[in-house]
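In: Build the 3D model from these lines:
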Amino acid sequence: MIDPVAVSRTIKGVEEDLCISLFSRSTRVLKLTTEGARFYRDGAQLLRNFEQTIHKFRADTALHGQLKGMGPSLSRRMLLRAVSSFQDLYPELRLILISVSDSAQIGDEGIDVFIRPRSLRGYSAPSCPICHDPEALG
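Out: Next up is the predicted model:
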């Protein structure tokens, strides 16, 4: 619960800083003044603009589009639990996982990444280990 005394003190401080009365006060009634209504309206618009700017910035910098990954059925099963967390982090990124039984299909179907439980011998594409312990993904 917010301390009413602290709220009153804060409002009084804002009124003193602005040299206006935001509220007209009597013993029984607290009413917003014309200046108070304008201050509220302008402040609310400022906050809406700020929130829209933040939303636009996040939308412009967020990962979006489609990421197509391929891997043997073993790695796909290991990653299924991680997919939900990944999509929570990147909701605008559509993730497509294709299960394959033969690594000869690499490069087919516009695949962006190939996921394997161990290194792929005989393939010259750059690779990067993402996890050394398969149990960590499950």
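
In: now the lengthiest helix in the chain: mean pLDDT?
Out: For the chain, the longest helix by residue count, based on DSSP state H, is helix 34-61. What helix 34-61 shows for mean pLDDT is 88.

In: Tell me the helix or strand right after that helix.
Out: strand 65-72 (DSSP states H and E).

In: hmm, back to that, and the longest helix of the chain, what's buried?
Out: 36, 39 (16 or more other CB atoms under 10 Å). Bear in mind the C-beta positions are built from the backbone N, C-alpha and C, glycine included.

In: How about stretch 8-24?
Out: Residues of stretch 8-24 classed as buried under the neighbour-count rule (16+ other CB under 10 Å) are 15, 22.

In: Now for this protein, the helix or strand with the poorest mean pLDDT.
Out: Every helix and strand of the chain was ranked by mean pLDDT, DSSP states H and E. The lowest is helix 73-89, at a mean of 66.

In: domain assignment for this protein?
Out: Recorded structural domains for the chain (assignment: automatic domain parsing) are 4-60, 63-137.

In: what's the nearest residue to Glu35 if we skip its chain neighbours?
Out: Distances taken as CB to CB, 6 or more residues apart in numbering put Ile20 closest to Glu35, at 4.4 Å, once the chain neighbours are dropped.

In: and the one you found, how far is that from Thr33?
Out: According to CB to CB, to the nearest Å, Ile20 and Thr33 sit 8 Å apart.

In: do Gln87 as well
Out: Taking CB to CB, one finds Gln87 at 49 Å from Thr33.

In: got it, and Leu97?
Out: Taking CB to CB, one finds Leu97 at 61 Å from Thr33.

In: for Leu46, same thing?
Out: Taken as CB to CB, the span from Leu46 to Thr33 is 19 Å.

In: repeat for Val7
Out: 17 Å.

In: swap in Arg9?
Out: 19 Å.
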